[in-house]
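Peer 1: everything below, folded, please.
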Amino acid sequence: MKKNTILFNILGVVLCGLTTPVAADFCGQTCNDCCEWSILDGKVTAGVDWLYWNVQQDGVLPGSVVITDSTVVPTATSVSRVHPSQRWNNGFRVSLGYEMPCDCWDVNVCYTYMPGRANVTNFAAASADQTFLSPVLGDSFAAFTSKWNQTFNNVDLDIGRTVCFGECLKMRPHVGFRATWFDQKFRALGATAPTETTVNFTALVLKEKFQGYGVEAGIWTEYKMGYNIALVGHFGGSILYSKFKIHGDSATGTTATDVTTLTEVLTTRNSFYAATPSLDYFVGLQYADSMCDTLFKIRAGWEQHVLFDTNRYLATGNLSLQGLTLGLDVSF
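Peer 2: The predicted model follows:
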């Protein structure tokens, strides 16, 4: 029994000697900085980002091209679903932050603007065996065209604190308030094959307005690799209490000898509230340097944001924004 006690004591001493505590220090400006910071001895950071992103709304499916071959027995039919071709667009983000002197707490506000659109879907039947089946318009057409576009806006206001793990690794957890709003519009027009001088058509315009307010949180990470270059990344998300407003206008009619006659006009409206979660991440490289009391950072990387279940006017699907981000921060 005494031998076992002695062995346990020796093992405890060895483990205590091999164990090294991990210390996390708050890092940022200190009261002993060689350069004096302006504005009440705090640090002001202004930033601007150029966004080259692709915006995609899932569930925006104009329809399918149907080709029927009647020369074989049995009749062969092929269906090819048409997906909109999302375009890459330019957007921007501006930010302003203030870091408290000596305690590393900071407050930041940023605004993001990003437009999005999809290429126009144009279909014209080359023969009577080809048609375009549109579930949205509820019929088959010899000619069809559609278009989708949206405008995305986001404001984040958060507080955070930078924590250092050694000399190379920094982390900045943050939490705050988020406001997101965007408009989506889908337009479609289908026409039947002309009979003498008469063409039957169906037109549709659907609009969705989204407003969401809630909390957001995440963590920024910076790992220094040398020569003022660092690997940076961010992971976070939000939960928004959202309002959806749906507005739809559809019309059917005929066109004959430059005279258009409407046979039916239908207007629909819907408004409701729902919870909308979102996910954000960024990964890239950053170069930082200073000139006495001015610190600047240049970064480039890949960024993506996903808002879940935002398509409430056509089908179901998520709204995703992803692409290249180039940014510049100046601190003084």
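Peer 1: Three-state assignment for the residue lying closest to residue 269 once chain neighbours are set aside, please.
Peer 2: Among residues not flanking residue 269 along the chain, residue 247 sits closest, at 5.6 Å (C-beta to C-beta, 6 or more residues apart in numbering). (Glycine included, C-beta is placed from N, CA and C.) Judged by DSSP: H, G, I helix; E, B strand; the rest coil, the three-state class of residue 247 is strand.
Peer 1: if I pick residue 247, what's in contact with it?
Peer 2: Residue 247 sits next to 206-209, 267-269 when contact means C-beta atoms under 8 Å, 6 or more residues apart in numbering.
Peer 1: so which of those are in strands?
Peer 2: 206-209, 267-269 (DSSP state E).
Peer 1: worst-scoring helix or strand of this protein, pLDDT-wise?
Peer 2: helix 2-18 (a mean of 43; mean pLDDT, DSSP states H and E).
Peer 1: tell me which residues touch residue 289, please.
Peer 2: 228, 295-296.
Peer 1: and these, which of them are buried?
Peer 2: Buried residues within those, counting neighbours by 16 or more other C-beta atoms under 10 Å: 295-296.
Peer 1: just the helices in the chain please.
Peer 2: Using DSSP state H, the helices of the chain run over 2-18, 38-41.
Peer 1: circling back: so can I have JSON lines of the ones in strands among the contacts of residue 247 showing pLDDT, distance to residue 60 and neighbour count?
Peer 2: Listed next are these as JSON lines, based on pLDDT from 0 to 100; distance: C-beta to C-beta, whole Å; neighbours: other C-beta atoms under 10 Å:
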{"residue": "206", "pLDDT": "94", "distance to residue 60": "10", "neighbour count": "20"}
{"residue": "207", "pLDDT": "95", "distance to residue 60": "13", "neighbour count": "15"}
{"residue": "208", "pLDDT": "96", "distance to residue 60": "11", "neighbour count": "22"}
{"residue": "209", "pLDDT": "97", "distance to residue 60": "16", "neighbour count": "16"}
{"residue": "267", "pLDDT": "93", "distance to residue 60": "21", "neighbour count": "9"}
{"residue": "268", "pLDDT": "91", "distance to residue 60": "18", "neighbour count": "11"}
{"residue": "269", "pLDDT": "94", "distance to residue 60": "20", "neighbour count": "9"}
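Peer 1: wait, which of those residues is closest to residue 98?
Peer 2: Nearest to residue 98 out of the ones in strands among the contacts of residue 247 is residue 209 (C-beta to C-beta; 33.2 Å).
Peer 1: bridging residues for that closest one?
Peer 2: Here residue 209 shows beta-bridge partners residue 183, residue 245, assigned using DSSP bridges.
Peer 1: likewise residue 214?
Peer 2: If you apply DSSP bridges, the partners that residue 214 bridges to are residue 178, residue 240.
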